[in-house]
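**Student:** this one's structure only:
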């Protein structure tokens, strides 16, 4: 069985994690013995990891993230900076109102440093689970993703997960593609044989 959960994508990570946790709790109640595997793209991977950290009793079998900013994003840093300037008064007129609505989300996804959400999340104890990062890179190993730097996508760069996470590189940009589906199926088969 699978379930797609649409989260309020402009909301702060903590609020999105609450929505996810509610859905996971319902799923766990209906299927107490079922393996739950979370797959999150971009910020969705951070949301899923936060939900797991805050609710270890959900007993998540695996977390697979795709191009997720686990250590932050320079783009989020820039958006946060812009959201704090007078330019935000003009954004609704040019179709960029999300800059105003997502200030806290940008703060949550800004480069991990003491005092912000990613720094806090990355030093928390993570539950026993499989952690898989799907990284965006070209054939030479350079980042193909203009939104999330390659090092930030890799959960092996989180001290709490260094020895537990695995990573796979895909030659893609930030957006999801059909090849992601094929890679996910292959990785799920591998995890089920462990």
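**Tutor:** Structure received. Computed from a predicted model, the values in this text were never measured in an experiment.

**Student:** Could you pull up the mean pLDDT of the top helix by length along the chain?
**Tutor:** Ordering each helix of the chain by length in residues (DSSP state H) puts helix 13-30 first. The average pLDDT within helix 13-30 is 95.

**Student:** in its sheet, what does whatever helix or strand comes next after it sit against?
**Tutor:** Using DSSP states H and E, the helix or strand that follows helix 13-30 in sequence is strand 37-41. Each strand paired with strand 37-41, and its direction, by DSSP bridges: strand 62-66 (parallel).

**Student:** chain center to the partner strand: distance?
**Tutor:** Counting by CA atoms, centre = their mean, to the nearest Å, strand 62-66 is centred 8 Å from the centre of its parent chain.

**Student:** likewise stretch 31-47?
**Tutor:** A distance of 10 Å separates the centroid of the chain from that of stretch 31-47, by CA atoms, centre = their mean.

**Student:** what's next to the longest helix of the chain, contact-wise?
**Tutor:** With contacts defined as CB atoms under 8 Å, 6 or more residues apart in numbering, helix 13-30 is touched by 3, 5, 7-9, 34, 36, 38, 43-44, 46-48, 50-51, 54-55, 58-60, 105, 108-109, 117. Where C-beta positions appear, they are placed from N, C-alpha and C, glycine not excepted.

**Student:** list the buried ones in that helix?
**Tutor:** Across helix 13-30, burial judged by 16 or more other CB atoms under 10 Å covers 13, 15-21, 23-24, 27-28.
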